[in-house]
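K.L.:
what would the 3D arrangement of this be:
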Amino acid sequence: MLHGPKKTQKRAAKLRKSMSLPEVLLWRELRGRPAGLRFRRQHPAGGYVLDFYCPLHRLAIEVDGEVHARGEQPLRDVARDEWLSRQGVRIVRVPAAEVFADLEAVVRHIIYIARGDYPSTAFGGPPPPPGED
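P.N.:
The predicted model follows:
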């Protein structure tokens with residue numbers, strides 16, 4: 001399984017206590033093991049902390065708020081996604097606004113990605129609907 005050093009583990013523990021509202025809402029759904037999938041929240045991975053991680057499918061879920069579009073954050077996100085990809089982890093980036101707008105659709109999308117053989121959404125948005133490859 002993907003792990004991080006003690007420093008990252010401690011940061012992950014702190015982040016579990018201060019999750020954002022979209023993360024809390026999504027966690028309420030993911031902790032129920034939708035479609036039998038098990039997720040971990042605020043999971044340490046190298047020097048990073050993943051919002052959610054499905055170890056069975058090596059899938060990271062990142063909830064992106066407005067801060068991800070500001071300053072140096074986009075560059076940090078790219079570096080993080082590239083590192084995760086080199087570790088064999090797929091990334092699904094979910095805008096926080098989507099969690100608020102349609103949580104059920106977000107969960108269905110996550111299940112779709114986890115169970116299918118689809119590319120990461122980190123660099124190009126969601127995969128095409130079935131039959132439109």
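K.L.:
now do Pro44 against Lys7, distance only.
P.N.:
Distance check for Pro44 against Lys7: by CB to CB, to the nearest Å, it reads 9 Å. C-beta here means a position set from N, CA and C on the backbone, and glycine is covered the same way.
K.L.:
next, Tyr53: secondary structure please.
P.N.:
strand (DSSP: H, G, I helix; E, B strand; the rest coil).
K.L.:
re earlier: more neighbours: Pro44 and Lys7, which one.
P.N.:
Between Pro44 and Lys7, Pro44 has the larger neighbour count (other CB atoms under 10 Å), namely 23 against 10.
K.L.:
ok, now how distant is the residue nearest to the more buried one when sequence neighbours are not counted from Arg90?
P.N.:
Closest residue in space to Pro44, ignoring its immediate chain neighbours: Gly4 at 3.0 Å, by CB to CB, 6 or more residues apart in numbering. Taking CB to CB as the measure, Gly4 falls 18 Å from Arg90.
K.L.:
those two - which one has more neighbours?
P.N.:
Relative neighbour count places Arg90 above the other of Gly4 and Arg90, with 21 against 18, counting by other CB under 10 Å.
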